[in-house]
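K.L.:
fold the following, please.
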Amino acid sequence: MKAEYINPFLESAKIVIEQLVQVRPLTGQLSLKDVKFVENYIWIQIGMNGQMNGDIVFGLSEEVALKMVSAMMGGFAISEIDEMSKSAISELGNMISGNASTILFNQGIRVDITPPKVIHSAQSAGFEAKQALTVPLIIDGIGNLDIQVIIA
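P.N.:
Numbering: from 1, shown residues only. All right, here's what the predicted structure looks like:
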């Protein structure tokens, strides 16, 4: 698995998050680890097909998701993960992945992405644990967004 696979997603996530919440995320340490779906987390899974096949999974705690959605909605306080919150988080994943696929295209790598699938419980993941390249983005005042790239 090549570390450069995650760079377009990192670059895109930084741009999108900065546009949406006016905070420039810092990049944490790149690592290779097992993907484990845990409770009290929101997961956004987006499939990739083409010259790269696999999944991109964004993970954030419910607390971070609420802060992120609140920031995306101009500071309006969000207190629960409801359908609107899930939709906003899904759109965040979609925007990051869409921009990343454009970056990949500009690098000569053609990929299509699937619509985001929001996973709100480990049981509903239906996803085999695999190893992934993982990088946390540290968003000041909000928390961490984990980016995990799983290439088939």
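
K.L.:
show me where this protein has strands.
P.N.:
26-27, 31-34, 41-50, 54-61, 111-113, 117-119, 131-139, 143-151 (DSSP state E).

K.L.:
do you know which of the ones you listed lies nearest residue 75?
P.N.:
Across the strands of the chain, residue 75 has its closest neighbour in strand 131-139 (14.8 Å, Cβ to Cβ). C-beta here means a position set from N, CA and C on the backbone, and glycine is covered the same way.

K.L.:
can you list contacts of stretch 19-37?
P.N.:
1, 3, 6, 10, 13-14, 17-18, 43, 57, 68, 71-72, 92, 95, 119, 121-122, 125, 127, 129-142, 144-145, 148, 150 (Cβ atoms under 8 Å, 6 or more residues apart in numbering).

K.L.:
any idea of the pLDDT on residue 125?
P.N.:
Model confidence at residue 125, given as pLDDT, is 54.

K.L.:
give me the number of residues near residue 60?
P.N.:
The tally of other residues near residue 60 (other Cβ atoms under 10 Å) stands at 25.

K.L.:
returning to that earlier point: buried members of the contacts of stretch 19-37 into PyMOL, please.
P.N.:
Buried residues among these (16 or more other Cβ atoms under 10 Å), as a PyMOL selection:
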select buried, resi 6+10+13+14+17+43+57+68+71+72+92+95+119+125+127+132+133+134+135+136+137+139+142+144+145+148+150
